[in-house]
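Predicted model and sequence below, questions to follow.
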Amino acid sequence: MPKSRRLSNAGSRRGPLLPYLLLAPAVAVLLALSIYPLIYSISVSLQTAAGWGLGNFTRLLSDNFFLTAMAHTFVYAIAALTCEFLLGLGLALLLNSQIRGRGLFRASLLVPMMLPPVVAGVVWRLLLNPNFGAVNGTLKQIGIDTESLTWTASPRLAMLSVIAVDVWQWTPFVFLVLLAGLQAIPQEPYEAALIDGSSRWQTFRHVTLPLLKPAILIVLLLRTMDLLRVFDQIFILTEGGPGFATETISLYIYRTAFRFFDFGYAAAMSFVLLIVTNVISVFYIRVLKHETQIQ
Amino acid sequence: MKHRFSKYVALSVALAAALAPVYWMFTISLKSEIDHFASPPPWFNFTPTLEHYYEAFVTRSFGQYLITSAVVAVISTLCALVLGTFAAYSLARFRLPYNLDSRLSMWILSTRMFPAIVTAVPLFLMMRDLRLLNTKAALIIVYTAFNLPFVVWMMRGFFDEVPRDLEEAALVDGDSRMGALFRVVLPLVAPGLAATAVFCLIVSWNEFLFALVLTQTDASMTLPVGIAGRVTQYEIKWGVMSAAGAVAIVPILVFAMAMQKYLVRGLSMGAVKG
């Protein structure tokens, strides 16, 4: 008894400080390496050749390359997100029942999304190579003329190619999250729908979809954030080319900073990207909070 | 019956679509250069050779990039785990005044949401001023900070699942807070800790943009930067690149299979407990 009293006294002496001591190192590292760089970046963006000012920001509005890169980013994000979501949802619905070999299936689907994005880019450069790639080789075998199908080298097909690679790599992620969401739905609402004589579509529309909404929103949020900042695969597959055809905003910022060494302008552009992604994520989180409150 | 059949067809198509591209790269890495250009492309009948692996890892510097990647991934993962686990424990167990604990959690999460390119520019300038460009230390520091929010969120989730009674029993028995953490709580969350560690390893191993910006010399670059450097050059050595790519995949696959159970949770930062 005396022993425990002594220790609880010691605990209360150190107690109020302990939570802060445990947090301090992590908070310090994040302040130094996430927040300080942002502040540093603001000051860099406000420095122009003519001295301090908003020159880098006003320049954005008349820079057609910037506006085009933004447009590419949105086209890329919307197209890839739509495909990944529809394919992932379809697969999840199809496989949300007992089937043989599900473990093997899940394990195989991990492969694309765990790949380093650089290696995913290499894989698809090999496949899409017009001269010896497996895609054109296979098409030729079944009698399709591949003369004009130069994929990443074609201004017309390059964007389509990089979107397809993203869909290949990330549909499994959407599938896995939605499958987890589906499996968390209890059986009762389905039994009720069955008794009511609802059709399959009605059950999906009025039971599955509302209950799956939180999982859907989370997966859309995470994918949107990743898609808007896409860099690695496009850098490997096309380097933003041919010409400017697949240049997204991250690539344009990279080029501005590390090829043209215009750090101020690059920093200004990166703030626009930061604000855009923030606005979109706040929107998603609002909807998500609203949805979970209803339930 | 018909429905069941269509299910297996869809499944097989999805499987083939996921795996065939990666298999194709493996075949390129094992084919001699003549077979690369054969038409129609040989998927199975070719004579395998290890010449590209020899060239990549013995003649060229890919062996060195591989070691750099491993060193950076392991050290940064350890640092992030130590810092992150303590912070997560604090957030999971103590209520701070002014709602500080939940505000800090959200702030920590938000730092992970920054697009990488936003911090890449100032981090490059900072590392240049500190004369840390082209060093492993630069990457270790950056990856530690990058993985930290992830560790905090994952571990907080795992700590929340441990009943408080267990620690309180240890405290009553005369253990200190830290003693209870090390002797009672950590052993219980060990599987979660391991899964979190594997995730950090994978993220650091795969990371490209920071590595590209911060390391450009043979002695400091990681495997993805080394591979990318070969792709964008005028003449592309397909065999060498595929061999390097194949080697880069192997540890990732082993790790991913080992922690399948936590995969969805990890990829969604704990938002979905699949």
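Perfect, thanks for sending it.

Got the phi and psi for the residue of chain A found nearest chain B?
Taking CB to the nearest CB, chain B has its nearest neighbour within chain A at A:Ala180, 2.9 Å off. Every residue, glycine included, has its C-beta placed from N, CA and C. For A:Ala180, the backbone dihedrals (degrees, to the nearest 10) come out as phi -60, psi -40.

Please give the number of neighbouring residues around it.
A:Ala180 has 19 neighbours, counted by other CB atoms under 10 Å in any protein chain shown.

any idea how far it lies from A:Val111?
Distance, A:Ala180 to A:Val111, using CB to CB, to the nearest Å: 19 Å.

and what of B:Ser204?
Where A:Val111 is concerned, B:Ser204 sits at a distance of 19 Å (CB to CB).

how would you label A:Thr146: helix, strand or coil?
coil (DSSP: H, G, I helix; E, B strand; the rest coil).

The longest helix along chain B near chain A anywhere?
Looking across chain B with DSSP state H, the single longest helix is helix B:62-93. Yes. Counting by CB under 8 Å from any CB of the partner chain, chain A has neighbours in helix B:62-93: B:Leu83, B:Gly84, B:Phe86, B:Ala87, B:Tyr89, B:Ser90, B:Leu91, B:Arg93.

surely the residue of chain A closest to chain B meets A:Ala215?
Yes. With contact defined as CB atoms under 8 Å, A:Ala180 and A:Ala215 form a contacting pair (6.9 Å).

show me the contacts for A:Tyr76.
A:Met159, A:Val162, A:Ile163, A:Asp166, A:Leu227, A:Val230, A:Thr246, A:Thr248 (CB atoms under 8 Å, 6 or more residues apart in numbering or on different chains).

Would you state the helices of the stretch 151-295 of chain A in chain order?
Applying DSSP state H, counting those that start in this stretch to the stretch 151-295 of chain A gives helices spanning A:158-183, A:188-195, A:200-203, A:209-228, A:232-237, A:249-258, A:263-294.

Please apply the same query to the stretch 51-200 of chain B.
Going by DSSP H, counting those that start in this stretch, the stretch 51-200 of chain B shows helices at B:51-54, B:62-93, B:100-112, B:116-129, B:136-160, B:164-172, B:177-180, B:186-206.

hey, which of those is tucked in deepest?
Comparing the helices of the stretch 51-200 of chain B by mean neighbour count (mean count of other CB atoms under 10 Å in any protein chain shown), helix B:136-160 ranks first with a mean of 24.

tell me what that helix is packed against?
Contact here means 3 or more CB pairs under 8 Å, 6 or more residues apart in numbering or on different chains; DSSP states H and E; on that basis helix B:136-160 packs against helix A:18-30, helix B:62-93, helix B:100-112, helix B:186-206, helix B:209-214, helix B:263-267.

How many residues are close by A:Thr138?
Applying other CB under 10 Å, we find 16 residues neighbouring A:Thr138.

likewise the one 3 residues further on?
A:Gln141 has 11 neighbours, counted by other CB under 10 Å.

ditto for A:Gly197
A:Gly197 has 7 neighbours, counted by other CB under 10 Å.
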